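**Q** no sequence for this one, just the structure:
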């Protein structure tokens, strides 16, 4: 089963010029705790934006070419999705925008840190989704650096 995890602004903003827009300590801790000991899937640009391999997780990178340092590089995304879509194993998709779009129709859960602000300089966005197809559980509410946020888990009905 696939789960998407992201921090997004009011307009679904994710990033700008290859960097995250929001740095909220509680969100980063939630991301680490939630994805630890799981497979994580990301696009090449997301991989390149990281300081290195994320420890404690199997790092899978979608790329046409082998990616040095990754645990696995996959070039045939439809085959990967077909292989794992019905698995009981929770696999986390961590970005970027194009990868989220590819996996969204196959996602069972969306873990979204929804931040009550906009980022006009954003150039990468989380895909829109029909919220009526999901039930929402609020995991945590908070405020950090004058940013109000809600960490939610959406589960496909």
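**A** Everything's here; your move. Everything numeric in this text was worked out from a predicted model, so none of it was measured.
**Q** which elements pack onto the worst-scoring helix or strand of the chain on mean pLDDT?
**A** Ranked by mean pLDDT, DSSP states H and E, the weakest helix or strand in the chain is strand 19-20, scoring a mean of 88. Contacts defined by 3 or more CB pairs under 8 Å, 6 or more residues apart in numbering; DSSP states H and E place strand 19-20 against no helix or strand at all. The C-beta positions use only the backbone N, C-alpha and C, and glycine is treated the same way.
**Q** so what are the sheet partners of it and their directions?
**A** Partners of strand 19-20 in the sheet, by DSSP bridges, are strand 13-16 (antiparallel).
**Q** mean confidence (pLDDT) on the strand it pairs with, please.
**A** Per-residue pLDDT over strand 13-16 has a mean of 94.
**Q** equivalent analysis for stretch 83-95, please.
**A** 95.
**Q** re earlier: name the residues that touch the least confident helix or strand of the chain?
**A** Applying CB atoms under 8 Å, 6 or more residues apart in numbering, the contact partners of strand 19-20 are 7, 14, 49.
**Q** and the helices in this structure?
**A** Assigned by DSSP state H, the chain shows helices spanning 25-35, 44-49, 77-84, 97-103.
**Q** in the first one, which residues are buried?
**A** Of the residues in helix 25-35, those buried under the neighbour-count criterion (16 or more other CB atoms under 10 Å) are 27, 30, 31, 34, 35.
**Q** could you do stretch 9-20 as well?
**A** 9, 12, 13, 14, 15, 20.
**Q** kindly report the same for stretch 142-151.
**A** In stretch 142-151, the ones that count as buried by 16+ other CB under 10 Å are 147, 149, 151.
**Q** what stretches of the chain score poorly on pLDDT?
**A** Residues of the chain meeting the criterion pLDDT under 70: none.
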